[in-house]
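Peer 1: Requesting a structural model of the entry that follows:
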Amino acid sequence: MFLFLASLLGGALNALAGGGSFIALPALLYAGVPAVAANATNTFALWPAAVSGAWAYRREIVAARSWLVTLGIISLVGGLVGGLLLIRTSNSAFLRLLPWLMLIAAATFTFAGSILGRFGGPGRHLSVAGILLQLIIAIYGGYFGGGMGIMTLAALSIAGMTDIHQMNGVKLVLAVLINGASLVEFLIGGVVVWRPAVVMAAGSVIGGYTAASIARTLDQRNVNAFIVVVAWVLTIYFFLR
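Peer 2: All right, here's what the predicted structure looks like:
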């Protein structure tokens, strides 16, 4: 029940603003899953939430389909590279990296407004900077994934997209591709722990679809504030443990 509730909340947060890994990954570590396997299992568990959330945004996604071919290919390649890097990382090395990965994700999420405001542009076509940034984000997302959602929104803003609902829809599709590609590596490498993965996948689907369906009725500032607090508390915890 603990892992189901963690994935329910994680899936909802990912659909609303991102940051679901701040809940789901520590829950898996607390449950005793080894670090690399916990990260891979977290990816598997939250992946269906991205799928269900993307379905809820299907009208916005269709309107932005011209962006998806190039960014989709880049995201698949980056996700494969990131997943391969993870399964070649030892548990001890990943635990040493984890506080720094959490710090990057927490800082990115905290200063999301400044990032989007600084780099946002009115263009209507993909820029080279946006494409390259999305490749870097895809590799990062395939390896870890915390904070990937807001990083993707920043990349889409740099690329020239301006409609936030279309950006959220595209963000979820790219997350499906990035995490789906990395999952191929995780499944081949046998690092997914199946019992918690299945339980958490069910929770993330419910949370992701429900949250995406009601996203426009919620004050995202309150959601963002909650994620920021959780992110920094957990980041400090992992530095001190």
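Peer 1: quick one: the closest residue to L71 other than its chain neighbours from L187, how far?
Peer 2: Sequence neighbours aside, Q134 is the residue nearest to L71 in space, at 5.6 Å (criterion: Cβ to Cβ, 6 or more residues apart in numbering). For every residue, glycine as well, the C-beta is placed using N, CA and C. Distance, Q134 to L187, using Cβ to Cβ, to the nearest Å: 24 Å.
Peer 1: where does the nearest residue to A129 once chain neighbours are set aside land on pLDDT?
Peer 2: Spatial nearest neighbour of A129, excluding adjacent residues (Cβ to Cβ, 6+ apart): I158 at 5.5 Å. pLDDT for I158: 70.
Peer 1: Tell me the first helix or strand C-terminal of the helix or strand of the chain with the lowest mean pLDDT.
Peer 2: One helix or strand of the chain scores below all others by mean pLDDT, DSSP states H and E: helix 112-119, with a mean of 60. Per DSSP states H and E, helix 112-119 leads on to helix 128-143 as the next helix or strand towards the C-terminus.
Peer 1: Within its local environment, how many residues does the closest residue to F144 other than its chain neighbours see?
Peer 2: Spatial nearest neighbour of F144, chain neighbours left out: L101 (4.7 Å); criterion: Cβ to Cβ, 6+ apart. Per other Cβ atoms under 10 Å, the neighbour tally for L101 reads 21.
Peer 1: Test my guess that L101 contacts G145.
Peer 2: No. Assessed by Cβ atoms under 8 Å, L101 is found out of contact with G145, at 9.1 Å.
Peer 1: where along the protein do the helices fall?
Peer 2: 2-16, 21-30, 35-56, 58-63, 65-87, 91-110, 112-119, 128-143, 148-159, 164-189, 194-214, 220-240 (DSSP state H).
Peer 1: Worst mean pLDDT among those?
Peer 2: With a mean of 60, helix 112-119 has the lowest mean pLDDT of the helices of the chain.
Peer 1: Distance check, the residue nearest to F144 against E60.
Peer 2: Taken as Cβ to Cβ, the span from L101 to E60 is 30 Å.
Peer 1: Thank you kindly, that will do.
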